[in-house]
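**Q** Sequence first, predicted model second:
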Amino acid sequence: MPKTDVNELIAGPVAPGVPKKNPIVVADGITRTFGGFTAVNVDHVEIPANAITALIGPNGAGKTTFFNLLTGFDKPNEGRWTFLGEQQYGVPAHKVARRGMVRTFQLTKALNLLSVIDNMLLGAPQRPGERFLTSLIPSTWRAREEELTAKADDLLKKFKLDAKREDFAGALSGGQRKLLEMARALMSDPKMVMLDEPMAGVNPALTQSLLGHILALKEEGMTVLFVEHDMHVVREIADWVIVMAEGKVVAEGSPDTVMDDPAVVEAYLGAHHDTDLGDVRGQQEIAKDMESDLIKQEIEEEIEEEAADGR
Ligand SMILES: Nc1ncnc2c1ncn2[C@@H]1O[C@H](COP(=O)(O)OP(=O)(O)OP(=O)(O)O)[C@@H](O)[C@H]1O
C-alpha cells in the first residue's frame with residue numbers, strides 16, 4: 001500500500017493543528033489534569049481519515065491519556081471532539097466502540113486465562129437490544145453465536161493464529177498477543193483503529209507481519225492512529241505524524257521531515273527521553289561504526305594468528 005501524499009491530507013500550511021482535507025476526528029480545547037498536573041492540553045488537532053497517523057512524543061507527553069479521552073475510557077476537564085462528524089464528548093467507551101472507534105489494550109491477566117477464541121468473541125460488541133432479544137429466543141443467539149464464531153475464525157486465520165485457537169491467550173508470545181489484540185479489535189468492524197505501542201515487545205520475526213497488518217487496515221478503508229516510540233516503524237508505515245510534548249501538540253508533519261522540526265528536537269532533548277530520536281541515518285552510522293569495529297577486530301585477530309603461525 002503506497003503512502004498517501006501529504007498534500008492529499010492537509011488543507012493548510014504544516015503546523016500544529018493544521019486542518020485536514022478529510023478529518024475523521026476533530027478535537028478542540030481538550031484538557032485533562034491530575035491533581036494540579038496538566039497531562040493533556042490539546043488546543044486543536046485533526047486526524048486524517050483513511051490514513052495512518054503516528055502519535056509520538058517523549059515519555060509522559062500525554063499520548064496514552066489522549067487516547068483514553070478520545071475513546072471514552074477517561075473524561076477531560078474540558079474539551080469537545082467529533083468522530084465522523086458526530087459529537088463524542090461524554091460518550092461511554094462501549095458506545096464509542098459501537099460507533100466504530102476501537103483501541104487495543106494489553107491483554108489483562110483475566111483475559112490471559114481465556115482461550116484465544118474466547119478472547120475474540122469478547123471483542124464482539126452487543127448490538128442494541130440484542131441482550132433482550134437473545135434472552136427470549138435461543139435460536140437467535142445460536143445463529144448470532146455461529147456468525148460471530150465464523151467471523152472470529154476468519155480473523156484468526158488471517159492473523160495466522162488459527163493453530164492457537166484453543167490455547168490460553170497467556171501462552172502466546174509477545175508478538176502473537178499483539179496480533180490477537182489487533183484481531184480482536186476487528187471483531188467490531190471498526191472505522192478507526194487506535195493502537196498503543198503495537199510493536200512493543202514484539203520480536204523481529206513478527207515485526208514485518210504486524211506492520212503488514214497495519215498497512216492492510218488502511219487498504220481496507222480504515223483509519224489508524226498509533227502511539228509509537230520506534231521512529232523506524234513510524235517512517236516505514238505512517239503517512240502523517242503528530243508530536244505531543246507536555247500535553248500539547250507541538251508539531252505535525254511528514255515522517256521524513258517532522259524530526260527535523262526544532263520544536264520536536266527541543267521536546268525530546270528537554271525530556272531526557274530514553275529512546276534515540278530514531279534518526280535512521282543516525283542508526284545507520286552506528287551500525288557502520290559497529291561494522292568497522294568488527295572488521296578491525298577480525299583483521300587484528302588474523303594478524304595475530306599469522307604472527308603466531310610464523311613463530
Ligand atoms: N491516572 C493518572 N493519575 C495521575 N497522573 C497520571 C495518570 N495518568 C497519567 N498521568 C500522568 O500524566 C502524564 C502523561 O501520561 P501518559 O501516560 O499519557 O504519557 P505518554 O505520552 O503516554 O507516556 P509514555 O510514552 O511513557 O507511555 C504523565 O506524567 C503521567 O504520570
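**A** Ah, there it is. Numbers count the residues shown, from 1 in each chain.

**Q** and M101, how far is that from G123?
**A** 14 Å (Cβ to Cβ, to the nearest Å). For glycine as for every other residue, the C-beta is placed from the backbone atoms N, C-alpha and C.

**Q** Likewise for N41?
**A** For N41 relative to G123 (Cβ to Cβ), the value is 33 Å.

**Q** now do A49
**A** A49 is 23 Å from G123, where distance means Cβ to Cβ.

**Q** neighbour-wise, which of these two wins?
**A** Higher neighbour count among A49 and G123: G123, with 21 against 18, using other Cβ atoms under 10 Å.

**Q** So what does the more buried one look like in phi/psi?
**A** Main-chain torsions, G123, degrees, to the nearest 10: phi -80, psi -10.

**Q** got a list of what it touches?
**A** By Cβ atoms under 8 Å, 6 or more residues apart in numbering, the contact set of G123 is A152, A183, R184, A185, L186, M187, S188.

**Q** change it to 6 Å
**A** R184, M187 (Cβ atoms under 6 Å, 6 or more residues apart in numbering).

**Q** Close to the ligand: what parts of the stretch 51-200 of the chain are there?
**A** Within the stretch 51-200 of the chain, the positions near the ligand by Cβ under 6 Å from any ligand atom are G57, N59, G60, A61, G62, K63, T64, T65.

**Q** Which two of those have the greatest separation?
**A** N59 and T65 (12.4 Å; Cβ to Cβ).

**Q** which of the two has more neighbours?
**A** T65 (20 against 12).

**Q** part of a helix, is the more buried one?
**A** Yes. Counting by DSSP: H, G, I helix; E, B strand; the rest coil, T65 is found in a helix.

**Q** Leaving out the residues flanking it, which one is nearest to it?
**A** A39 (4.6 Å; Cβ to Cβ, 6 or more residues apart in numbering).

**Q** How about A15?
**A** E252 (6.9 Å).

**Q** which ones are touching the one you found?
**A** E252 neighbours (Cβ under 6 Å, 6+ apart): P16, V18, I242.

**Q** Correct me if wrong: M101 contacts L84.
**A** No. The pair M101 / L84 is not scored as a contact, 8.5 Å apart, by Cβ atoms under 6 Å.
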